[in-house]
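**Student:** predicted model and sequence follow; I will ask about them next.
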Amino acid sequence: QVQLVESGGGLVQPGGSLRLSCATSGSILSIYAMGWYRQAPGKQRELVATITSDGSTNYADSVKGRFTISRDNAKNTVYLQMNSLKPEDTAVYYCNADRVRIATIQGAYRYWGQGTQVTVSS
């Protein structure tokens, strides 16, 4: 099976920075897209940023210019550099891997991490 494990969350003051990482494990042949989503209390999960295997990126309007997504294809790892954090960025951040092909099962699948808490507060 495939597992995604996020790290790097925590408590930060407004204006501060955090870097999230998402490492994968399993017999992965390829991953088309990786991304970050977030869910604040009482709200639906929303897209933060995605990146495809060829480096194409997509960002939510609310994080453009502040967050940067990057990816190490050799390690099947995705990162999210978050700068100029605001209290409204407080949420559980989830890593996602889409169209994952693995050695033991035909087809392509989607996987989620367990989430990491990001709290922006003074």
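**Tutor:** Happy to help now that I have it. Keep in mind that this is a model prediction, so the values were computed, not measured.
**Student:** can we go C-alpha only for contacts and neighbour counts from here?
**Tutor:** Noted.
**Student:** in contact with residue 15: list those residues for me.
**Tutor:** Counting by C-alpha atoms under 8 Å, 6 or more residues apart in numbering, residue 15 touches 83, 84, 85, 86.
**Student:** again, but for residue 105
**Tutor:** Applying C-alpha under 8 Å, 6+ apart to residue 105 gives no contacts.
**Student:** quick revisit: widest-spaced pair of the contacts of residue 15?
**Tutor:** Taking C-alpha to C-alpha as the measure, the contacts of residue 15 span a maximum distance of 9.0 Å, between 83 and 86.
**Student:** one step back: whichever of the contacts of residue 15 end up buried, select them in PyMOL.
**Tutor:** The buried residues among those can be selected in PyMOL (16 or more other C-alpha atoms under 10 Å) with this line:
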select buried, resi 83+85+86
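**Student:** want to throw the contacts of residue 15 into CSV with secondary structure and distance to residue 104?
**Tutor:** CSV is the format used below for the contacts of residue 15 (DSSP: H, G, I helix; E, B strand; the rest coil; distance: C-alpha to C-alpha, whole Å):
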residue, secondary structure, distance to residue 104
83, coil, 39
84, coil, 42
85, coil, 41
86, coil, 43
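**Student:** in this protein, what helix or strand scores lowest on average pLDDT?
**Tutor:** strand 105-112 (a mean of 92; mean pLDDT, DSSP states H and E).
**Student:** which parts of that strand are buried?
**Tutor:** Under the neighbour-count criterion of 16+ other C-alpha under 10 Å, strand 105-112 has 111, 112 buried.
**Student:** pull the CA atoms of it into CSV?
**Tutor:** Extracted in CSV, the C-alpha atoms of strand 105-112 (Å, rounded to 0.1, in the frame of the first residue of the first chain):
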residue,chain,number,x,y,z
ILE,A,105,-2.2,-3.2,-8.6
GLN,A,106,-3.4,-2.1,-12.0
GLY,A,107,-4.9,1.3,-12.4
ALA,A,108,-4.2,4.7,-10.8
TYR,A,109,-5.4,5.8,-7.4
ARG,A,110,-5.6,8.7,-5.1
TYR,A,111,-4.1,8.8,-1.6
TRP,A,112,-4.3,11.2,1.4
